[in-house]
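S.K.: just a sequence and a predicted model for now, questions to come.
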Amino acid sequence: MIKIVLADDHQIVRHGLRSLLSAEPDMEVVGEAENGRMVVRLVQEQSPQVVIMDISMPDLNGIEATRQILSDSPGIKVIALSMHSDSLFVLNMFKAGASGYLLKDCALEELVKAVRTVMNRKVYLSPGISDIVIKDFVIGWSSAESSAYSVLTAREREVLQLMAEGRSTIQIAESLCVSVKTVEAHRKQMMNKLDIHSVAELTKYAIRQGLTSLEV
């Protein structure tokens, strides 16, 4: 039996995916999460073989959640299910260790195919973005070199996402189990690295880089 965890901040999406996957005789959905931090905990509790991961989620986005999950459990297969076809998201999801990438407008049956593909130790890429990925590999991914994922540390990206989502310094410190001074140090370091000197501009940057979205 293939044990699967679903991570998406929209309940209706999770419900649809659960119904589809549960109809397969050899697949079982063992848990659902509505944000990245929750899915990291859930994976530790349930030890699934596959995680279906949305990218744009509150608290901790899918790329960072994938990185944390695979750091602890490298054998797990993560399949990104996203509305983003931009090469920046695809590249950084695979850099985080994902085994597959699907667009949300794909046929649901494609997800079942993707699960079986990654369980056979192969990579699954949605046909809708194959051309984009191949083109950018030929070009050399030059536009991604100065992205938040190459400039900032993982912890700085976590702090930036929470800042962009309106959390106060104290709330961020509590969420990450660090001191207020540590959060302030991360913020100062980010501003220096990015040459951005206001929270408003940092928020815009976080959205452009896909660390968070206007929906969350």
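M.R.: That came in fine, so what should we check first? As the structure is a prediction and not an experimental result, all values here were calculated from the model. Residues are numbered from 1 along each chain as shown.
S.K.: dihedrals phi and psi, Asn120?
M.R.: phi -90, psi 20 (degrees, to the nearest 10).
S.K.: need the contact list for it.
M.R.: Contacts for Asn120 were tallied using C-beta atoms under 8 Å, 6 or more residues apart in numbering; there are none. (C-beta placed from N, C-alpha, C; glycine too.)
S.K.: where does it land on pLDDT?
M.R.: pLDDT, Asn120: 96.
S.K.: can you tell me how far it is from Ala173?
M.R.: To Ala173, Asn120 is 44 Å away according to C-beta to C-beta, to the nearest Å.
S.K.: likewise Ser85?
M.R.: 36 Å.
S.K.: can you map out the strands along this protein?
M.R.: Shown for the chain, the strands assigned by DSSP state E span residues 2-7, 27-33, 50-53, 77-82, 100-103, 124-125.
S.K.: winner for burial among the ones you listed?
M.R.: Highest mean neighbour count of the strands of the chain: strand 50-53, a mean of 28 (counted as mean count of other C-beta atoms under 10 Å).
S.K.: so who does the nearest residue to Arg67 once chain neighbours are set aside touch?
M.R.: Residue nearest to Arg67 in three dimensions, not counting chain neighbours: Ala96, with 4.3 Å by C-beta to C-beta, 6 or more residues apart in numbering. Contacts here follow C-beta under 8 Å, 6+ apart; on that basis Ala96 touches Ile63, Glu64, Thr66, Arg67, Leu70, Val78.
S.K.: distance of Ala96 from Val112?
M.R.: Per C-beta to C-beta, Ala96 is found 23 Å from Val112.
S.K.: next: Glu45.
M.R.: 25 Å.
S.K.: quick one on the thing from earlier: now the strands of the chain as TSV including mean pLDDT and distance to Val159?
M.R.: Formatted as TSV, the strands of the chain follow (pLDDT from 0 to 100; distance: least, C-beta to C-beta, whole Å):
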stretch	mean pLDDT	distance to Val159
strand 2-7	97	21
strand 27-33	97	21
strand 50-53	98	21
strand 77-82	94	23
strand 100-103	93	26
strand 124-125	92	31
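S.K.: I'd like those strands as JSON lines, with distance to Leu162 appended.
M.R.: Below are these laid out as JSON lines (distance: least, C-beta to C-beta, whole Å):
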{"stretch": "strand 2-7", "distance to Leu162": "18"}
{"stretch": "strand 27-33", "distance to Leu162": "17"}
{"stretch": "strand 50-53", "distance to Leu162": "19"}
{"stretch": "strand 77-82", "distance to Leu162": "21"}
{"stretch": "strand 100-103", "distance to Leu162": "25"}
{"stretch": "strand 124-125", "distance to Leu162": "31"}
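S.K.: ok, which of those strands comes nearest Gln209?
M.R.: Gln209 lies closest to strand 77-82 among the strands of the chain, at 14.4 Å (C-beta to C-beta).
S.K.: show me what that closest one is packed against.
M.R.: Applying 3 or more C-beta pairs under 8 Å, 6 or more residues apart in numbering; DSSP states H and E, we find strand 77-82 packed against strand 50-53, helix 62-72, helix 87-95, strand 100-103, helix 108-119.
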